[in-house]
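**Student:** When you get a sec, could you give me coordinates for this:
(chains A, B, C, D and E, ligands or ions: 4)
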Amino acid sequence: MPDIIVQYQTEIWQSIEETFVMVGFSILAAIILGLPVGTFLFLCRKGQLLENRVVFSILNLFVNIVRSFPFLLFVVFLIPFTRLIVGTAIGTMAATIPLSIMAIAYYSRLVEQALLDVPKGVIEAATAMGASILEIIYKFILVEARAGLVLGLTTSTISFISYSTIMGVVGGGGIGDFAIRYGYQRFETELMIYMIIIMLVFVQIIQFTGATIARKIDKR
Amino acid sequence: MPDIIVQYQTEIWQSIEETFVMVGFSILAAIILGLPVGTFLFLCRKGQLLENRVVFSILNLFVNIVRSFPFLLFVVFLIPFTRLIVGTAIGTMAATIPLSIMAIAYYSRLVEQALLDVPKGVIEAATAMGASILEIIYKFILVEARAGLVLGLTTSTISFISYSTIMGVVGGGGIGDFAIRYGYQRFETELMIYMIIIMLVFVQIIQFTGATIARKIDKR
Amino acid sequence: GQKDNANEKDGSNDELVKLKVASLIPPMTEILDVVKPLLKEDGIDLEVVVLSDNIQPNNALAAKEVDANFFQHVPYMEQYNEENGANLVPVQAVYHAIYGVYSKEYKSMDEVPDGATVAIANDPSNIGRSLAILDHQGIIKLKEGVGINATQADIIENEKNLKFEEVDLLMLARMYDDADLVIMTPAYAAPLGLTPKSDALLTEGLESKFAITLVAREDNKDSEAIQKLAERISGPEVKQFLEENYDETAIPAF
Amino acid sequence: MQALGKNGIPTKIVVIDDIGIWFRYNGRGYCTFQKEERGIIVISIHNVSKSYHQQNIAYQAISNVTLNVNKGEIHGIIGASGAGKSTLLRLMNLLEVPDAGEVLINNQELTKLRGRSLRKARQTIGMIFQHFNLVANKTVYNNVLVSLELANYPKKDRRARVTECLKFVGLETHADKYPAQLSGGQKQRVAIARALANQPEVLLCDEPTSALDPNTTAEILEVLQTINQQLGVTIVIVSHEMEVIKSICNRVSVMEKGQIFDTVNIMPKGFTTPDKNPQWFVDQLTKAGDLHHA
Amino acid sequence: MQALGKNGIPTKIVVIDDIGIWFRYNGRGYCTFQKEERGIIVISIHNVSKSYHQQNIAYQAISNVTLNVNKGEIHGIIGASGAGKSTLLRLMNLLEVPDAGEVLINNQELTKLRGRSLRKARQTIGMIFQHFNLVANKTVYNNVLVSLELANYPKKDRRARVTECLKFVGLETHADKYPAQLSGGQKQRVAIARALANQPEVLLCDEPTSALDPNTTAEILEVLQTINQQLGVTIVIVSHEMEVIKSICNRVSVMEKGQIFDTVNIMPKGFTTPDKNPQWFVDQLTKAGDLHHA
Ligand SMILES: Nc1ncnc2c1ncn2[C@@H]1O[C@H](COP(=O)(O)OP(=O)(O)OP(=O)(O)O)[C@@H](O)[C@H]1O
Ligand SMILES: Nc1ncnc2c1ncn2[C@@H]1O[C@H](COP(=O)(O)OP(=O)(O)OP(=O)(O)O)[C@@H](O)[C@H]1O
Ligand SMILES: [Mg+2]
Ligand SMILES: [Mg+2]
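**Tutor:** Ligands and ions are numbered 1, 2, ... in the order given. Next up, the predicted model:
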């Protein structure tokens, strides 16, 4: 183990933990809220089960705006809201709020795309079998799209890691921020490179795990 | 026109110009280099025309690393290289280098995906007609994938705008940086909101234009 | 005739010596804007390069991409020199930006409760500087001799159990609503309508060695252009400008 | 009981009930009707119209069609491409909602039902499709099971019922496979098992064999016929293939431009199950007449 | 010249050349061969084998097959699904490279060619597919044009040639449409025009009608027959549909498990072009025998 890593061990572990917290909450938000939002985006589309122009336009606008907002500004913009929710606008917990909202917008778009890949015939068969909309979603659409949903979550998670590096701004910490502060600002280039390697390793592990799971559960 | 916009007119115009330069170069890089890299990613895949594990792995690794690198660190990391190319590491022109490299990696992945959507049968028919690989690419694959390529470029361009906001770090300027500097650092919240609106309007215009072109040229 | 005109124009431009100076935020950038027309009279074309982080201005100077920079204090510059083997040198101290400890809720340090959160900047020299204020005022105690290089690890006594939150320099002002205490420079406090003199619970004091200084390189510090800039930047126009616009926040250091 | 069929071929009448006359013909059992009116009407379509709107242009896919399907029959629908066959079929379980007219299943007015009661009604109407429309990520077993789940079939009986249905289509040994691991004919048999699980009275089939090769087509037609004969399920089958319609239908509606041109009663002529043996191909080829081995 | 066909139907011999005997039968022109050996061999497959590897398991799709296709014939390949029909066809233009054996087109050993010369050779072999494989983003005109571009056809003659080919398949008025605007049969005719553009000697067809309905199938078969008769193009046609093979082929190879089980000469029996008129369906149905109008 390189000396410099041993030297900063505690801080490195802490930054890894912070990244896990931030990314973990984002993943949770993506699943708990991004999945339904994406499902609604899909269902409210033209020609789909719940065709609804108004709901679709609203959700679509939300996703578009959040996704095209420069993230740094987005974080700043959300400070009052963040304060409302977690009581403070600084620290790792506060950082999870803008990250989670971005995560919802980000993942919901990928969910919509994955659901669009489900053959229309399957939905039709479900309808003909007398399935309710909820049953169509749970027993057919989500089952059929599951590999795409997992791949989407993988891509999203990697993006969340990338976004989380910006969260140092509000004291969110994390590996990326650590690399910037110690490596870049304190000129410990070696340390910076190690941290980047750690991040890339995480990314590769996530990519590999996601792709493997997706392949395993894809029976199409 | 709100007073504050009139007041900062010159700076706003300049920042818009800077954004155009940065994003414009990124788009150029995406087309000139991202398109071939993406095409090679596709061609070197298993079961495709130029199946080549080594080339595929190298390109794939490049794209994965660049895409999962925290962008701020990436910019810093590239400074020596940037200096080599444009002679300086600061200013709008210097900012185009890391942006362009990111653009290449970003777009090439979308190119690969778009080409994977081309029906295998079309490629097979081209081969049966005695087309060379170059002809298959130019006269068949790219023609058939063109709507996907335009949509991919649209998505990419929006990401480039988002990435360009970080380029203030090396003096790249641009609308996002302007919004951060004036709106966020100087508490000109009104100005910041106007700048954000300008950015979102740009994004919507790009999105709309891209989607319209893609629909028009898609005859499938 | 037209061609001649063009040549003439080019010629007049050629006579101007180009001088690139990197800077960050107001009032630094504004001071440079004040001296810009003055330098033109001296035959110097000043170009202000605005960057948005506090490493790049030094990097750019060291790499000879700019001729000087104007955003930092000498300890910060020395730290940079040391870490990077650079040879940046101070040319002219311009103004004091007095670090202050601000609080939205509390009127004095005595009111500040146990376990209060303190927002400080997250870059090393500002961490050190922020901690140094508290050390200086006896709120905490730092290891002997760490000076400006102090980190949280160097705190050996912390009677009030202050909790430090390190945030981006640019976020400090935003933390005013959030943290119990914020330690920041007047440039960041000003937009909140706060001045060190009337609002800070604690300040560094004028003897501070943290004056914002014009910095150049060893090899060009004596050049005519830099010297002219040093002269102008410590001239009466700047003094007047600071007194009119930054009365309590940027106090001329010349 | 011996009787002489209309074409002079002896048929053996097995039983006469209120559904119709059950008889054996060519070694197979059939049910036919002395008079159309005799049959109990299972599906009744009254003056139904349906148009599609595309870019503000309305296209009349079905115009004012009236059709009765009798209990126990295999009713074919044939016609040129675009004639409205699929649309008519999809109107029968309200997959397409008609612009005008009524659809009745067992005297229950489907067009009046909404929400839960419509879904309940649909559970008694099986449907199979050209492209099977199985859930690719569910096993064969679960594809059938889901239909029981939707119908709130008693939990404890589900396993037995799924197995029974899979046995009926001859796939009990493939229960744990995924659709992608099956051949086209097997996939269609899973779809049939799924449609049968809830003991439907009617089975709607839209081009059930068009994606299959002749061997497999015969296989599937045999399954459908067995369902009709053994379980008494009324079948409506849409096809553009004359051979398919002729082989199992006893009543056929010919469609043209969104209307029923004519409805005729026919005697299903059965199907030859082509052999997997390559000699079968040679026999078929040489049967044709003037040729010699190469 | 009058002659008696093998089945006793009078045929009119038109001409005898070194290709074979050209005669008229039932109002149509055909070419047949007195002896197989008489024909000039266009395609020659010698001891060809081909196996696929999937997850390290090799599957022998073609085992040691030898086959000659004579100039001017329509050679059918039939057999059960998975027998290797498509693979054998794709070996003929080296879309699949054989593991062993030689493939000769016009005595040119295709298996020895690489790069440019292989591509040149392929330009003389047309191929059409089940799913047409047109470039959806090119107009009908450009889909045909691209084949001339690939072959470096003289620039000034291209326009005329494309128009000629489109006329041949009856699509000259659809030149500016995109494939998505055409029906299945029209798409296949574009594919045929594209394959014909370079005046190929051989046309390889893999299930050219399997995606089409019976009307359209007859339409396409007629086009293929015309190509064979008017342009003298040798055709190899893979199909699993007995009707298709019987209707136009004069020689048929039956495949089984990667081998040729038998090759027989047959007299093409022609095809009935089903009418678009719905009465045709009714006639077909009632022709079957014992039935009465409903
Ligand atoms: N969802 C739809 N939107 C618009 N038009 C439709 C739709 N479904 C069917 N049509 C049109 O309605 C007409 C009848 O279609 P239908 O699918 O019922 O015909 P079909 O007889 O089943 O033909 P095929 O043999 O080709 O399946 C066609 O012209 C078709 O284009
Ligand atoms: N690219 C491939 N990779 C692996 N196996 C293949 C491949 N192509 C064909 N096969 C296998 O080779 C065998 C012969 O295939 P082929 O497509 O030639 O059969 P076919 O007679 O054309 O059948 P069908 O009527 O279904 O088209 C089949 O078992 C098939 O699974
Ligand atoms: Mg249909
Ligand atoms: Mg095949």
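**Student:** Run the contact check for the helix or strand of chain A with the lowest mean pLDDT versus chain C.
**Tutor:** The helix or strand of chain A with the poorest confidence is helix A:71-77; it has a mean of 83 (mean pLDDT, DSSP states H and E). Yes: under the criterion of C-beta under 8 Å from any C-beta of the partner chain, chain C is reached by helix A:71-77 at A:Val76. Just so you know, the C-beta spots here come from the backbone N, C-alpha and C atoms, and that holds for glycine as well.
**Student:** From the contact counts, what lies against that helix?
**Tutor:** helix A:92-116, helix B:189-217 (3 or more C-beta pairs under 8 Å, 6 or more residues apart in numbering or on different chains; DSSP states H and E).
**Student:** Chain E is nearest to which of those helices?
**Tutor:** Comparing these by their distance to chain E (C-beta to the nearest C-beta), the top pick is helix B:189-217, with 7.1 Å.
**Student:** list the buried ones in the closest one?
**Tutor:** Neighbour-count burial for helix B:189-217 flags B:191-192, B:194-196, B:198-200, B:202-203, B:206-207, B:210, B:213-214 (criterion: 16 or more other C-beta atoms under 10 Å in any protein chain shown).
**Student:** returning to what we had before: run the chain-centre distance for the least confident helix or strand of chain A.
**Tutor:** Put simply, helix A:71-77 sits 17 Å off its chain's centre (C-alpha atoms, centre = their mean, to the nearest Å).
**Student:** same deal with stretch A:5-22?
**Tutor:** Here the centre of stretch A:5-22 is set off from its chain's centre by 21 Å, with C-alpha atoms, centre = their mean.
**Student:** Would you mind pulling the contact partners of it?
**Tutor:** A:92-93, A:95-96, A:99, A:160-161, A:164, A:167, A:172-178, A:182, A:191, A:194-195, A:198, A:202 (C-beta atoms under 8 Å, 6 or more residues apart in numbering or on different chains).
**Student:** ok, and for that stretch, which residues are buried?
**Tutor:** A:Tyr8, A:Glu11, A:Ile12, A:Gln14, A:Ser15, A:Ile16, A:Glu18, A:Thr19, A:Val21, A:Met22.
**Student:** Quick check: of these, which lies closest to D:Ala58?
**Tutor:** Of all the buried residues of stretch A:5-22, D:Ala58 sits closest to A:Met22, with 54.0 Å by C-beta to C-beta.
**Student:** phi, psi of the closest one?
**Tutor:** Torsion angles at A:Met22 (phi, psi; degrees, to the nearest 10) stand at phi -60, psi -50.
**Student:** Compute the distance between C:Gln240 and A:Leu151, please.
**Tutor:** As judged by C-beta to C-beta, to the nearest Å, C:Gln240 and A:Leu151 stand 64 Å apart.
**Student:** higher neighbour count, the two?
**Tutor:** A:Leu151 (19 against 12; other C-beta atoms under 10 Å in any protein chain shown).
**Student:** Is chain D within reach of whatever helix or strand that one lives in?
**Tutor:** For A:Leu151, the element it lies in under DSSP states H and E is helix A:146-164. Yes: counting by C-beta under 8 Å from any C-beta, chain D is contacted by helix A:146-164 at A:Arg146, A:Ala147.
**Student:** Likewise for stretch A:46-62?
**Tutor:** No: Stretch A:46-62 is not in contact with chain D by C-beta under 8 Å from any C-beta; minimum separation 11.2 Å.
**Student:** End to end on that stretch, go ahead and measure it.
**Tutor:** 18 Å (C-alpha to C-alpha, to the nearest Å).
**Student:** Stretch D:256-268 too?
**Tutor:** By C-alpha to C-alpha, one end of stretch D:256-268 lies 22 Å from the other end.
**Student:** how far out from the middle of the chain is it?
**Tutor:** With C-alpha atoms, centre = their mean, you get 16 Å for stretch D:256-268.
**Student:** Is it positioned near ligand 1?
**Tutor:** No: using C-beta under 6 Å from any ligand atom, stretch D:256-268 never reaches ligand 1; the gap is at least 7.0 Å.
**Student:** And that stretch, what's buried?
**Tutor:** Buried-residue list, stretch D:256-268, by 16+ other C-beta under 10 Å: D:Glu256, D:Gly258, D:Gln259, D:Ile260, D:Phe261, D:Asp262, D:Thr263, D:Val264, D:Asn265, D:Ile266, D:Met267, D:Pro268.
**Student:** Which single one of these is nearest to ligand 2?
**Tutor:** Nearest to ligand 2, judged by C-beta to the nearest ligand atom, of those is D:Pro268 at 27.7 Å.
**Student:** Can you pull out the low-pLDDT segments for the stretch 151-254 of chain C?
**Tutor:** C:205-208 (pLDDT under 70).
**Student:** Residue of it closest to chain D, please.
**Tutor:** C:Asp168 (45.9 Å).
**Student:** show me the contacts for the nearest residue to that residue once chain neighbours are set aside.
**Tutor:** The shortest distance from C:Asp168 to any non-neighbouring residue, by C-beta to C-beta, 6 or more residues apart in numbering or on different chains, is to A:Val169 (4.2 Å). Taking C-beta under 8 Å, 6+ apart, we find A:Val169 in contact with A:Leu72, A:Val75, C:Val167, C:Asp168, C:Leu170, C:Met171.
**Student:** Show the contacting residues for the second one.
**Tutor:** Meaning A:Val75. A:Ala95, A:Pro98, A:Ile166, A:Met167, A:Val169, A:Val170.
**Student:** follow-up on the earlier one: what comes up buried for the helix or strand just after the least confident helix or strand of chain A?
**Tutor:** Sequence-wise, the next helix or strand downstream of helix A:71-77 (DSSP H and E) is helix A:79-86. Neighbour-count burial for helix A:79-86 flags A:Ile79, A:Thr82, A:Arg83 (criterion: 16+ other C-beta under 10 Å).
**Student:** related to what we said a few turns ago, distance to B:Ala125 added to the contacts of A:Val169, as CSV?
**Tutor:** Below are the contacts of A:Val169 laid out as CSV (distance: C-beta to C-beta, whole Å):
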residue, distance to B:Ala125
A:Leu72, 49
A:Val75, 51
C:Val167, 61
C:Asp168, 57
C:Leu170, 58
C:Met171, 59
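**Student:** How many residues are close by residue 95?
**Tutor:** With no chain named, the answer covers chain A. Other residues close to A:Ala95 by other C-beta under 10 Å number 31.
**Student:** nope, chain C
**Tutor:** Using other C-beta under 10 Å, C:Tyr95 has 24 other residues around it.
**Student:** Are we agreed that it is in a helix?
**Tutor:** No: using DSSP: H, G, I helix; E, B strand; the rest coil, the secondary structure at C:Tyr95 is strand, not a helix.
**Student:** At the contact with chain B, which residues of chain C appear?
**Tutor:** Neighbours of chain B within chain C, by C-beta under 8 Å from any C-beta: C:22, C:25-26, C:49-53, C:55-56, C:59-60, C:63, C:65-66, C:170, C:173, C:191-192.
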